[in-house]
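Need the 3D shape of this:
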Amino acid sequence: MAIGGGIIGGEGHHSVVAARVAAAAHVLFLTTAVLMLVWLLRFRGGINIQSDDPEQIFNVHPFVMCWGFILLLGEAILAYTTIPMDHRTQKMVHMLVHLVALILAIFGVYAAFKFHDAAVAPDLVSLHSWLGILAVALFGLQWLFGFFAFWLPGTHERTRAAAAPAHVAGGLAIFMLAVCAAETGLVQKSGAAASTGEAKLINVTGIFILLYGVAVATAVALRKAFFY
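Sure thing, here's the model as predicted:
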């Protein structure tokens with residue numbers, strides 16, 4: 001009984017800590033989103049995919065990739081920790097938010113290519129672009145894998161149980177790859193910033209994106225300690 005009580009107590013502790021870390025991640029989510037908006041609106045002239053100004057077209061890319069890909073990706077991962085509903089509802093939210101993130105990521109890549117076309121600049125020449133394309137491509141495959149493994153009718157429960165660890169680990173790895181891609185992109189923009197104030201804001205935004213990634217990964221690790 002003492003051993004069982006210790007295990008239950010440990011599980012409860014992991015669950016509480018995971019929820020607190022997830023709450024911290026939500027705060028980092030909001031802070032990062034606001035910082036990104038301030039940068040694009042205050043220092044870069046706004047966001048407009050239909051603009052004649054190539055820079056405004058480009059601004060769609062970091063806006064969509066930050067808000068729509070990295071932040072939503074993290075929130076979808078956190079769905080199991082933060083949504084107080086039944087497991088099936090959590091799975092549904094997880095899948096649908098990931099789908100929205102994938103659609104927005106594809107749109108963000110389109111915005112980057114449209115900017116290069118408008119600015120007469122070459123495509124896919126930076127490490128940032130390579131990491132970004134890889135992250136989006138792997139994420140698309142991960143979403144398809146998750147759909148067929150966990151939502152397709154007729155999939156055996158043992159198959160789902162066997163696929164779950166690879167799905168969790170792969171999803172988290174892709175999320176961190178997306179964070180790395182964002183960091184390399186911000187490094188490029190920080191080096192080319194028009195003022196010291198803009199460079200500092202870009203750097204602070206990059207730090208908050210990194211902290212968000214760490215918080216999401218920590219919440220997942222704690223939740224796995226609770227459930228497995």
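
Neighbours of the residue lying closest to Arg44 once chain neighbours are set aside, how many?
Nearest residue to Arg44 in three dimensions, chain neighbours excluded: Asn59, at 5.3 Å (C-beta to C-beta, 6 or more residues apart in numbering). (C-beta placed from N, C-alpha, C; glycine too.) For Asn59, the neighbour count with other C-beta atoms under 10 Å is 25.

Might one say that Asn59 is in contact with Gly45?
Yes. The criterion here is C-beta atoms under 8 Å, and Asn59 meets it with Gly45 at 7.4 Å.

Cys180 against Trp130, yeah?
No. Using C-beta under 8 Å, Cys180 is not in contact with Trp130; the gap is 11.0 Å.

Neighbour count for those two, which is higher?
Neighbour totals were compared for Cys180 and Trp130, and Cys180 leads with 19 against 13 (other C-beta under 10 Å).

Counting by contacts, list what the strand or helix carrying the more buried one packs against.
Using DSSP states H and E, the element containing Cys180 is helix 157-191. With contacts defined as 3 or more C-beta pairs under 8 Å, 6 or more residues apart in numbering; DSSP states H and E, helix 157-191 has these neighbours: helix 54-63, helix 72-82, helix 127-150, helix 196-227.

By mean pLDDT, flag the weakest helix or strand of this structure.
Least confident helix or strand, the chain: helix 2-38 with a mean of 76, by mean pLDDT, DSSP states H and E.

Now do Gln188 against Ser126, distance only.
Going from Gln188 to Ser126 by C-beta to C-beta, to the nearest Å gives 7 Å.
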